[in-house]
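*Asks:* pasted the sequence and its predicted model underneath.
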Amino acid sequence: MPLNDARYILTATGPSAQGQVAVITAFINNLEGYVEEFNQFDDVEEESFFARACFRIKAAANPGCAELIEAFTKTATRFFMEWSITDADHRPRVLIFGSRLDHCVRDILYRWRSGELNMDVMGLVSNHENLAPIAAEHGIPYFFLPVTDASRSQQETRLMEIVCETESELLILARYMQVLSDSLCEQLLGRAINIHHSFLPGFKGARPYHQAYKRGVKVIGATAHYITTDLDEGPIIDQVVERVDHSLTPVKLESLGRNCECVALHRAVKLHIERRVFLNGMRTVIFV
Ligand SMILES: Nc1nc2c(c(=O)[nH]1)N[C@@H](CN(C=O)c1ccc(C(=O)N[C@@H](CCC(=O)O)C(=O)O)cc1)CN2
């Protein structure tokens, strides 16, 4: 691929209609664009359409993202599509949230530092102080936001101030053990990814490994999902499982589960920042 080609990602969703794929590929073709990757799904039950196109345009023919957005608006309106065109190399600004446990926070920061996650980390937010050295290690701001039942509302106001001040597009809840309020969930719909330490819908809430031990399950796992007002009910992005047996205590289940959590969370974050995840009601459509 010629290095100075411009690369873009077009995503579109809307009520199913004849001609949607054609107008998207025609739009790219009329720009002398080259389609590197095209995914489409039609949800027959919901009569909904989902598409993602990754395409490149030669530098000489590249009108720029703003022009592309203006040009596609007319087409999209005709099909009542919700859509976006973004620079394929765009690095979204993200905030990482943690509480006491550090394994998911460290794993996400390692994959960011190693270039696996194409994003800019604006800071580490926590309701405890024990993760501060990790932020210092990575040279990122540490936002200590302690919370009590009495201070939950002010804490969340400060939390959203930090989201706005850092212009963060994505929040990664890396074992952040505070339930976010309904108003926060409405403001963060589709841009706050949580890792729940169980194979949902099994064992919601806190202490899922103890619940799993008591139930005597033979498979444990972790679930990365968008947060919603209903705890652990949000649209699932990725799940990872591990076989277990009667010999594993809750502590050993937790240790085995840590890897599932790290893998599910980073895969979900990568899919999200590559604009491969579409909300489909309380479910998701994922183009891998
Ligand atoms: N609105 C939502 N907020 C959060 C969700 C969510 O799905 N919707 N997921 C959690 C993470 N989580 C499980 O994955 C979880 C976090 C916290 C609790 C809980 O009971 N917390 C207690 C306090 C516990 C503590 O301080 O250690 C509480 O908030 O009273 C259950 C599940 C993140 N937020």
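*Replies:* Yes, it's here.

*Asks:* state the helix or strand in which the closest residue to residue 250 other than its chain neighbours lies.
*Replies:* Spatial nearest neighbour of residue 250, chain neighbours left out: residue 213 (4.4 Å); criterion: C-beta to C-beta, 6 or more residues apart in numbering. Just so you know, the C-beta spots here come from the backbone N, C-alpha and C atoms, and that holds for glycine as well. Per DSSP states H and E, residue 213 falls inside helix 208-215.

*Asks:* helices or strands up against that helix?
*Replies:* helix 250-273 (3 or more C-beta pairs under 8 Å, 6 or more residues apart in numbering; DSSP states H and E).

*Asks:* the helix it packs on: which residues count as buried?
*Replies:* 250, 253-254, 256-258, 260-273 (16 or more other C-beta atoms under 10 Å).

*Asks:* what angle do helix 208-215 and that helix make with each other?
*Replies:* Here the directions of helix 250-273 and helix 208-215 differ by 130 degrees (axes from the mean of the first three to the mean of the last three C-alpha atoms, to 10 degrees).

*Asks:* pull the CA atoms of helix 250-273 into CSV?
*Replies:* Taking C-alpha atoms only, helix 250-273 is exported to CSV below (Å, rounded to 0.1, in the frame of the first residue of the first chain):
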residue,chain,number,x,y,z
PRO,A,250,-12.1,-20.0,44.9
VAL,A,251,-8.6,-18.5,45.1
LYS,A,252,-7.3,-20.8,42.3
LEU,A,253,-10.4,-20.0,40.3
GLU,A,254,-9.7,-16.3,40.7
SER,A,255,-6.1,-16.8,39.6
LEU,A,256,-7.2,-18.8,36.5
GLY,A,257,-9.9,-16.2,35.8
ARG,A,258,-7.4,-13.3,35.8
ASN,A,259,-6.1,-14.3,32.4
CYS,A,260,-9.6,-14.7,31.0
GLU,A,261,-10.3,-11.1,32.2
CYS,A,262,-7.2,-9.6,30.6
VAL,A,263,-7.8,-11.4,27.2
ALA,A,264,-11.5,-10.6,27.0
LEU,A,265,-11.0,-6.9,28.0
HIS,A,266,-8.1,-6.1,25.6
ARG,A,267,-9.9,-7.9,22.7
ALA,A,268,-13.0,-5.9,23.3
VAL,A,269,-11.1,-2.6,23.5
LYS,A,270,-9.3,-3.4,20.3
LEU,A,271,-12.5,-4.3,18.5
HIS,A,272,-14.1,-1.1,19.7
ILE,A,273,-11.3,1.3,18.8
